[in-house]
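A.B. asks: Take a look and give me a structure for this.
(one chain, ligands or ions: 2)
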Amino acid sequence: MLKFENITKIFKPEFFNQPFVALSDVSFEIPSGSMVGFLGANGAGKTTSLKIIMDFIRADKGLVTFSSELGEKRNDVFRNIGFLPERPYFYPNLTGREFLTFMGQISELSSDQIKAGIAKWASRFKIDHALERPLRTYSKGMLQRIGFLATILHEPKLIILDEPLSGLDPIGRKELKDVIVEVHREGKTVFFSSHIVPDIEEICDRVVFLKEGKLVYDGPVDKLLRSGQEIDYVIKFKTDKKINLQSTIKSHQTFPGQLHSITVTESNKKLILKELMALDVDLSGIDLIKPSLEEIFYHIKAN
Ligand SMILES: Nc1ncnc2c1ncn2[C@@H]1O[C@H](COP(=O)(O)OP(=O)(O)OP(=O)(O)O)[C@@H](O)[C@H]1O
Ligand SMILES: [Mg+2]
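C.D. replies: Ligands and ions are numbered 1, 2, ... in the order given. Okay, here's the model as predicted:
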């Protein structure tokens with residue numbers, strides 16, 4: 001759907017200051033139909049990248065290309081993209097409906113199309129009850145949802161959101177994530193930036209990871225999770241016998257009721273299970289301990 005190839009962006013400030021390399025030879029891909037998270041700390045270059053995709057600013061080197069399903073001509077391509085900026089402006093005195101109508105008109109939708117779009121999404125976004133109220137009375141979560149609705153009103157194929165979840169409490173985040181997932185299920189490609197690693201882990205199938213203007217990772221979330229440290233397993237069982245295992249285990253805890261919990265590495269798991277079976281223990285569960293994306297995020301290094 002979108003290719004971001006070898007992009008370098010250098011900001012050249014006033015005379016005295018050094019040029020600043022905001023993006024250095026960054027390449028990544030957004031496949032059609034995917035939900036991709038764009039991770040990076042403050043200042044990593046996420047907004048700069050999104051502005052380059054939207055053609056608000058120009059890269060010094062590199063190329064952004066869009067697949068033909070978005071259209072052949074520049075205008076068609078951008079008509080098929082919905083973009084929610086990092087700090088959208090909400091006219092305080094417009095009602096929700098007026099704001100959406102205004103945004104729909106900018107996208108050259110007919111009034112019937114706008115009405116149909118609002119009817120389709122407002123109740124699913126739980127914003128229908130507030131459509132006749134001015135935006136100044138909206139909570140932050142309501143503003144984020146109406147901003148998102150405005151972004152998808154013209155039924156774009158590619159949706160790009162800059163920090164849509166920022167500043168929301170856990171309930172607000174959950175609600176907006178549900179809505180993003182729903183829109184993605186309709187077949188739309190979604191690319192959104194965030195610092196909130198667990199949110200990306202929860203809903204994205206792919207992640208693009210920037211650190212200080214350099215690409216650290218572009219690919220499936222689970223591959224990144226598996227590429228971290230070795231995966232451990234926790235084996236739980238009951239036995240009244242004394243346990244003396246030959247294979248190496250990482251930890252062993254006992255609990256009341258003759259309950260045991262041992263942690264083993266993936267490579268030792270099979271051997272230990274054989275030993276436990278030979279001891280005829282009452283096995284009650286095996287759980288995988290996955291490193292979280294957050295742990296990887298803090299440890300991974302830029303090239
Ligand atoms: N117009 C500009 N002139 C000079 N430097 C800029 C300009 N725009 C961005 N930068 C710098 O480029 C770097 C990347 O900024 P960018 O806004 O892309 O980061 P970000 O990843 O979106 O961060 P955040 O998570 O805080 O939104 C920052 O160091 C920023 O100061
Ligand atoms: Mg930003």
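A.B. asks: Contact residues of the stretch 201-303 of the chain facing ligand 1?
C.D. replies: Residues of the stretch 201-303 of the chain found near ligand 1 (Cβ under 6 Å from any ligand atom): none. For the C-beta atoms, the positions are set from N, CA and C on the backbone; glycine is no exception.
A.B. asks: Please enumerate the helices of the stretch 201-303 of the chain.
C.D. replies: For the stretch 201-303 of the chain, the helices defined by DSSP state H, counting those that start in this stretch occupy 221-226, 266-278, 293-299.
A.B. asks: Next: the stretch 1-150 of the chain.
C.D. replies: Applying DSSP H, counting those that start in this stretch to the stretch 1-150 of the chain gives helices spanning 46-53, 74-79, 96-106, 111-121, 140-152.
A.B. asks: quick one, which of those is nearest to Glu86?
C.D. replies: Closest to Glu86 of the helices of the stretch 1-150 of the chain is helix 46-53 (Cβ to Cβ; 5.6 Å).
A.B. asks: is ligand 1 contacted by the closest one?
C.D. replies: Yes: under the criterion of Cβ under 6 Å from any ligand atom, helix 46-53 makes contact with ligand 1 via 46-48.
A.B. asks: and of these, the nearest to ligand 2?
C.D. replies: Distances from ligand 2 to these, taken as Cβ to the ion, are shortest for Thr47 (3.1 Å).
A.B. asks: how many neighbours does the closest one have?
C.D. replies: By other Cβ atoms under 10 Å, 19 other residues sit near Thr47.
A.B. asks: ok, and of the residues of helix 46-53 next to ligand 1, which contact ligand 2?
C.D. replies: Contacts with ligand 2 within those, as defined by Cβ under 5 Å from the ion: 46-47.
A.B. asks: Work out the gap between stretch 142-159 and the centre of the chain.
C.D. replies: With Cα atoms, centre = their mean, to the nearest Å as the basis, stretch 142-159 stands 16 Å off its chain's centre.
A.B. asks: Equivalent analysis for stretch 272-292, please.
C.D. replies: Relative to the centre of its chain, stretch 272-292 is centred 33 Å away, using Cα atoms, centre = their mean.
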